[in-house]
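Asks: Quick check, what structure comes out for this input:
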Amino acid sequence: MEMPNKKIKIFIVDDDVFYLRLLEIQFLESADFDIMAFESGELCIDNLYRKPDLIVLDYHLDGINKHALTGIQALDKIKEIDASIPVVILSSQDKIEVAVDCMHHKAFDYVVKSETAFMRLKNIVNTIAKYSKMESQLSWYMDRM
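Replies: Numbering: from 1, shown residues only. Now for the predicted structure:
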């Protein structure tokens, strides 16, 4: 009997369109993910009904539009709507205070934008995928008992 094997759905949110597309391409080239890219926290939140397995969220989402939600504000709204979605904050700031702030707001992890950022993100995605697969296997077996 074969268990369902679904693609991991990842939302990537960054107001830097170039960086957003770069991450999207890196994810698509590295594995068979279902990627949705958004240029604002508002667009991400409007699409939460699509049930992402993970959200990669930029810390400074209000860099271009000063009236846009910040990454922390978007994180808080996402957690209000569905606290079970792991959210990884991505930031160009390598400050411990920023990382601690993100953790206080229930971020799953914090990654600094650097040349190693994508490898860190990929490791985090793999960890989340393993847990997600174990959960779905467990519920698959439990449904049959």
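Asks: Can you tell me the SS state at the most centrally placed residue in the chain?
Replies: Central residue of the chain (CA atoms, centre = their mean): residue 55, 1.7 Å from the mean position. With DSSP: H, G, I helix; E, B strand; the rest coil as the basis, the three-state label of residue 55 is strand.
Asks: doesn't residue 86 make contact with it?
Replies: Yes. In terms of CB atoms under 8 Å, residue 55 counts as a neighbour of residue 86; the distance is 7.4 Å. (C-beta placed from N, C-alpha, C; glycine too.)
Asks: From the contact counts, what lies against the worst-scoring helix or strand of the chain on mean pLDDT?
Replies: Among the helical and strand segments of the chain, the one scoring lowest on mean pLDDT, DSSP states H and E is helix 117-143, with a mean of 84. If you count contacts as 3 or more CB pairs under 8 Å, 6 or more residues apart in numbering; DSSP states H and E, helix 117-143 packs onto helix 17-30, strand 54-58, strand 87-91, strand 109-112.
Asks: so which of the ones you listed gets nearest residue 37?
Replies: In this view, the helices and strands packed on helix 117-143 are compared for proximity to residue 37 by CB to CB, and helix 17-30 is the closest at 4.8 Å.
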